[in-house]
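Peer 1: Attaching a predicted model along with its sequence, questions to come.
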Amino acid sequence: TLEYVISFANLDMAAVDANRSEFETEYKSSTAAAAGVEPQDVIIIDIVAGSVQVFTQIVFPPYKADSQVSNEQFRTLLESTPDSIFATSQYFGGAGQVATSN
């Protein structure tokens, strides 16, 4: 299990709240693809204002033979180039700089 916070510099809570379901679906899909897990393994703990911060937990299931590798690879991705997680998503195209913390 990995817990972290993603911050989107150019998103505001009003935009997220107006399309909360779409935001969560796109966020989980993008994150799951980058982490090598299923969208249901990405848990949004909370979404708060302040450049839109998404408190996230990813469960790397034990039934995946490569889950430990995926966990380490994803941790490296979070630390080095977190914006690449959302690079192919049209929804997050205008989200601005993406930063992480834990």
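Peer 2: Noted; the coordinates are in hand.
Peer 1: Would you mind pulling up the elements that whichever helix in the chain runs longest packs against?
Peer 2: In the chain, assigned by DSSP state H, the helix with the most residues is helix 20-35. Applying 3 or more CB pairs under 8 Å, 6 or more residues apart in numbering; DSSP states H and E, one finds that helix 20-35 makes contact with strand 42-48, strand 53-58, helix 67-80. (C-beta placed from N, C-alpha, C; glycine too.)
Peer 1: Strand 53-58 and the helix-or-strand element of the chain with minimal mean pLDDT, what's the angle between them?
Peer 2: Ranked by mean pLDDT, DSSP states H and E, the weakest helix or strand in the chain is helix 67-80, scoring a mean of 77. Counting by axes from the mean of the first three to the mean of the last three CA atoms, to 10 degrees, helix 67-80 lies at 160 degrees to strand 53-58.
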